[in-house]
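*Asks:* just coords:
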C-alpha cells in the first residue's frame, strides 16, 4: 500500500463529508420547507397562522441553526421542556406537533434519514368538551335574545346565527 495514497483518500473522505455536512439542512430549513410546501398549500388560514407563529417565536430561535440530521430526541425534549416551563404546557404540545409533522414531512421527501421527534412526551392534559345545550336551554336563550339585556343587538343576532347554523364561532366570523 502506498501511505501517501491512503492519506489522500482520508483527506478526500473528510472533504466530501464536510461538503455534505455544509449542504445538510438545518432545523430552520426543514421548518420553512414544511411551512411553504405543505401548510401554505394544504392548511387552513388559522392553521397557517398558528404554525407560522410557533415556528417563528418558539422553534426557530431555539433550534433553527442546528443541523437537522444531528438533532436528537434528548435535545428536542429539552427544548420542549423549556417551552413548557417558560410559556405553557399547551404551547409545548403544539410545538411538539409541529416538529413531529415537519420532520415526518422531511423524511418522506428524503431530506432526512430519521425523525428524532417520534414519541415525544405530552405536556398538557387535553380534555374534550362533552357539554352541549339542551333543547330547553336553547329555547330560553333564543327568547332572551329577542330583547337582549347586557349585549348589543349585533351580538344578539350573531348568537342567534350561531345557534341556527351550528357553526363554530371562528368559522362564522370568517364567513362572507
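*Replies:* The structure has been received and is ready for your questions. What you see is a predicted model, and the numbers here were worked out from it, not measured in a lab.
*Asks:* in a helix, that's where residue 151 is, yeah?
*Replies:* No - Residue 151: not assigned to a helix; according to DSSP: H, G, I helix; E, B strand; the rest coil it is coil.
*Asks:* give the contact list for it.
*Replies:* Residues counted as contacts of residue 151 (C-beta atoms under 8 Å, 6 or more residues apart in numbering) are residue 159. The way it works is simple: take the backbone N, C-alpha and C, and place the C-beta from them, glycine included.
*Asks:* Then residue 165?
*Replies:* Here residue 165 is in contact with residue 172 (C-beta under 8 Å, 6+ apart).
*Asks:* again, only using 10 Å
*Replies:* Taking C-beta atoms under 10 Å, 6 or more residues apart in numbering as the criterion, residue 165 is in contact with 171, 172, 175.
*Asks:* and what of residue 51?
*Replies:* Residues in contact with residue 51 (C-beta under 10 Å, 6+ apart) are 31, 34-35, 38-40, 43, 59, 94-95, 97-98, 101-102.
*Asks:* which of those residues has the weakest pLDDT?
*Replies:* pLDDT across the contacts of residue 51 is at its lowest for residue 43, which sits at 80.
*Asks:* quick one, helices of the protein?
*Replies:* 3-23, 27-34, 40-42, 45-54, 60-63, 73-86, 89-108, 135-146, 153-165, 169-174 (DSSP state H).
*Asks:* number of nearby residues for residue 113?
*Replies:* A count of neighbours around residue 113, defined by other C-beta atoms under 10 Å, yields 8.
*Asks:* Leaving out the residues flanking it, which one is nearest to residue 58?
*Replies:* residue 95 (5.2 Å; C-beta to C-beta, 6 or more residues apart in numbering).
*Asks:* same question, residue 119
*Replies:* residue 73 (7.6 Å).
*Asks:* so how many other residues sit close to the one you found?
*Replies:* 13.
*Asks:* residues in contact with it?
*Replies:* Contacts of residue 73 (C-beta under 10 Å, 6+ apart): 115, 116, 117, 118, 119, 120.
*Asks:* go on, residue 50?
*Replies:* Residue 50 neighbours (C-beta under 10 Å, 6+ apart): 39, 43, 44, 94, 98.
*Asks:* so residue 25 sits right up against residue 69, yeah?
*Replies:* Yes - look at residue 25 against residue 69 with C-beta atoms under 10 Å: they come within range, at 7.8 Å.
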